[in-house]
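>>> what follows is a predicted structure for the sequence shown.
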Amino acid sequence: MASPSSTASSASLGFEEKLWKSADFLRGSINAGDYKDIVLGLIFLKYISDAFEARMQDIGKQTQDPKHEYFGFDAKELCEEPDAYASEHVFWVPHEARYGALVASVRKAGNAERINDAMYAIEQANPKLKGVLPRTYHQKGIANDKLGQVIELVGTVGLHGQGAQDKDVLGRVYEYFLGKFASAEGKLGGEFFTPSCIVQLLVNMLEPFSGTVFDPACGSGGMFVQSQRFVKEHGGRIHDISVYGQESNPDTWKLAQMNLAIRGIEAQLGGVHADSFHHDLHPQLKADFVMANPPFNIKEWGGQKFQSGEVKDPRWAYGTPPAGNANYAWVQHFIHHLAPHGHAGFVMANGSMSSNSSGEGEIRERIVRADLVDCMVAMPGQLFYTTQIPVCLWFLARNKKAGKVGDRVLRNRQGETLFIDARKMGEMKGRVLRELTPADIQKISDTYHAWRGEGGEYADVPGFCMSAKIADIEKHGFVLTPGRFVGAEEVEADGEEFLDKMQRLGADLAAQFAESDRLQARIKGNLGVFMGEVEK
């Protein structure tokens, strides 16, 4: 049974705020989008430098260990051999690109140029990073002394030496920063950051233990990171999943490459940034799992091209999506890329569950009649840093028949859809942001897995969940809003007789009316005295 990740993003590493100060140094001189690239680039550089130097020390020790294959080698010579680092998935960092070299020169002119040169040297030494690292520090117009302060501050944080959890340490720093940047950048931040609790819920519902995972709107790669973490935490092998993705924003695409590189995740992101609708980089891919948080309600997505009939696109099997909203273009894009036994889980604006404009209702009806909708989850509000638009989670399944997936035996759910209303869940983290708790994630995912027959007994719970048949959905005009199906939550009876309760409530109401009249008279009297004083 799925369980929430033990590495929740809200947990503190102890030095995140210190790193955030490095961004504060630059505020006022550049915008949030630029300092994101600057600071995250330096953190990446610091991490791979720390990892390189830690590996160098290990090599020295191994040449002195009679039980190791490096015993008797010349330590100095072996430390300059790139293969000794690649074998442990450590990037080779040339002398001039090591973080210590940058720190040693911060008082000199040319900090921006030295960072650019270091990034270039690392790309040259590690082909998989070519074209990924930020090399625009000289274009930002940052004062040399300010940039020097940031270099020094990042240099004081040790990002390595935490044993087997090293990559998780940096990943957690990335999660913390991505959240901070999303908050600071406003709407733009939503292009690359999906709240960790939503990612955890998607992963725990789908349980991608093995197979192909695809995210055609992958942002910073959070779905892939969490999928790998899930497999690892449940005793699986991370190489049992293959990762494919696509991202249209060039800066975010680079950020995803960096985020995945430090985790050692081999991902196929298409080699370039590209729009999934107009340049599908994986046209033949049929994935076991599709997970995504695509941009909501996008109007300018180039839909006119498909409306005109200029292109007959095989993805629009359930109807051509409207030119003014990309929601059902995304839904059908996900369906198109599902394998015969594939499952999809993705975030959508609530309007996708009920909209009937521009043919969306007809598309949704065809998708329901095709028995693709596995589960719908209504989410609480205020989950995103960047938008107050209420969202829902869609879960699709190509095959709902009874069967066995690995060690799991699935119940036949053909012609049925599970509706879950989670709008009352979550806890406020500050004044404007809500977050699902581990217990919330557990309850939702356990309910789904029990319904699928993977453990526990499922039962409808008024106000929370209901299993509905296609005929039930048809009665509601193919609207998929969970609130229409789950009904009202049962309220425990207080034991008071109806007539007694009505008499008590009536007496309370009469007393409140009398108090209202008394206060109103007092206010009028005070106001009359005040007006009399004014006239004098």
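Received, thanks.

>>> now stretch 341-352: mean pLDDT?
On average, the pLDDT along stretch 341-352 is 95.

>>> which residues of the stretch 201-350 of the chain score low on pLDDT?
Counting by pLDDT under 70, the stretch 201-350 of the chain shows low-confidence ranges at 309-311.

>>> burial measure for the closest residue to V243 other than its chain neighbours, as a count.
Excluding the flanking residues, the one nearest V243 by CB to CB, 6 or more residues apart in numbering is A267, at 4.1 Å. Yep, even glycine has a C-beta here, placed from its N, CA and C like the rest. A267 sits with 22 neighbouring residues when counted by other CB atoms under 10 Å.

>>> going forward, the N-terminal residue is numbered 197.
Fine by me, first position is 197 from now on; the one you just mentioned is A463.

>>> residue contacts, A463?
Contacts of A463 were listed using CB atoms under 8 Å, 6 or more residues apart in numbering, and they are G417, F420, V439, Y440, G441, A452, Q453, L456.

>>> from those, which two are the most distant?
Y440 and Q453 (13.7 Å; CB to CB).

>>> quick check: neighbours shared by these two?
A463, L465.

>>> now the strands for the stretch 397-546 of the chain?
In the stretch 397-546 of the chain, the strands defined using DSSP state E, counting those that start in this stretch lie at 407-411, 437-441, 463-464, 483-488, 534-545.

>>> mind putting those strands into CSV with distance to P290?
Below are those laid out as CSV (distance: least, CB to CB, whole Å):
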stretch, distance to P290
strand 407-411, 33
strand 437-441, 29
strand 463-464, 25
strand 483-488, 37
strand 534-545, 41
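
>>> closest one to L568 among these?
Using CB to CB, the strands of the stretch 397-546 of the chain put strand 534-545 closest to L568, at 8.6 Å.

>>> tell me the first helix or strand C-terminal of the closest one.
Downstream of strand 534-545, the first helix or strand assigned by DSSP states H and E is helix 556-565.

>>> using PDB, list the CA coordinates for that next one.
Coordinates of the C-alpha atoms in helix 556-565 are reproduced here as PDB (Å, rounded to 0.1, in the frame of the first residue of the first chain):
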ATOM      1  CA  GLU A 556     -15.900  20.500 -24.300                       C
ATOM      2  CA  GLY A 557     -18.900  18.800 -22.800                       C
ATOM      3  CA  GLU A 558     -19.200  16.500 -25.900                       C
ATOM      4  CA  ILE A 559     -15.500  15.600 -25.600                       C
ATOM      5  CA  ARG A 560     -15.900  14.800 -21.900                       C
ATOM      6  CA  GLU A 561     -18.900  12.600 -22.600                       C
ATOM      7  CA  ARG A 562     -17.000  10.600 -25.200                       C
ATOM      8  CA  ILE A 563     -14.100  10.100 -22.800                       C
ATOM      9  CA  VAL A 564     -16.500   8.900 -20.000                       C
ATOM     10  CA  ARG A 565     -18.400   6.600 -22.400                       C
END
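
>>> figure out how far it is from the centre of its chain.
Relative to its chain's centre, helix 556-565 lies at 27 Å (CA atoms, centre = their mean, to the nearest Å).

>>> who does it touch, helix- and strand-wise?
Applying 3 or more CB pairs under 8 Å, 6 or more residues apart in numbering; DSSP states H and E, we find helix 556-565 packed against helix 523-532, helix 666-671.

>>> list of residues touching it?
Contacts for helix 556-565 (CB under 8 Å, 6+ apart): 514-515, 517-518, 521, 523-524, 527-528, 531, 548, 551, 569, 613, 666, 669-670, 673-674, 676.

>>> out of the contacts of A463, flag the one nearest to A535.
Y440 (12.1 Å).

>>> contact partners for the closest one?
T408, V409, F410, D411, A463, Q464, L465, H478, L481, A483.

>>> count the residues that sit near G721.
10.

>>> I meant V628, not that one.
Neighbour tally, V628, other CB under 10 Å: 11.

>>> do the same with G296
13.

>>> tell me which residues of stretch 623-630 come out buried.
Within stretch 623-630, the residues scored as buried using 16 or more other CB atoms under 10 Å are L629, R630.

>>> for the biggest helix by length in the chain, buried residues please.
Longest helix in the chain by number of residues (criterion: DSSP state H): helix 694-731. By 16+ other CB under 10 Å, helix 694-731 has no buried positions at all.

>>> quick check: the residue most central in space within the chain vs S438, distance?
Centroid-nearest residue in the chain, with CA atoms, centre = their mean: T390, separated by 2.9 Å. Look at T390 and S438: by CB to CB, to the nearest Å, they are 21 Å apart.

>>> having no further points to raise, I will conclude here.
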